[in-house]
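In: This is a predicted model, with the sequence first.
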Amino acid sequence: MLRSRLDRAFVRYTRTGDPAALARVFDGCAAELYRLGWHLLGDRHAAEDLVQQTFVVAIEQRATFASEHSRGGVLGWLCGILTNRALHVRRMMRQRAAKVGPATDVVVTNTPPGGITVV
């Protein structure tokens, strides 16, 4: 089963730090994670960033995988990380939009320098 191979590869990475094992997990999961990221944020570049961020978090928190292992394997664990990151990004986007406020129109007039009027 594909999932069990990915799980074993990630467990090998957590125990030995073997970069080839992590590469196998990335190769086996990245496309699915990208699709999920694109679905959640609707932006190709944001989805790519989410995949990268997900693996950074997974590397930093690899010791916690053992307790999560029985609930969906490494792909499920990575999807959870990605979803949490996507929700964080959406919250930040809403906060940023609230700080900026409504759009302001800028009108350029035929007046001497400094003749820009903000409406």
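Out: Yep, it's here. Numbers count the residues shown, from 1 in each chain.

In: Look up how far L36 lies from the spatially most central residue of the chain.
Out: The residue lying closest to the centre of the chain (C-alpha atoms, centre = their mean) is L50, at 1.7 Å. Distance from L50 to L36, counting by C-beta to C-beta, to the nearest Å: 8 Å. To be clear about C-beta, it is placed using only N, CA and C from the backbone, and glycine gets the same treatment.

In: And stretch 75-94, what's buried?
Out: By 16 or more other C-beta atoms under 10 Å, the buried positions in stretch 75-94 come out as 75, 77-79, 81-83, 85-86, 89.

In: Output the contacting helices and strands for the helix ranked longest in the chain.
Out: Longest helix in the chain, counting residues (DSSP state H): helix 73-100. Contact partners of helix 73-100 among helices and strands, from 3 or more C-beta pairs under 8 Å, 6 or more residues apart in numbering; DSSP states H and E: helix 2-16, helix 19-41, helix 44-60, helix 65-68.

In: can you tell me how far the nearest residue to Q61 once chain neighbours are set aside sits from A98?
Out: Nearest non-adjacent residue to Q61, counting by C-beta to C-beta, 6 or more residues apart in numbering: I81, 7.9 Å away. To A98, I81 is 26 Å away according to C-beta to C-beta.

In: Then L50?
Out: 22 Å.
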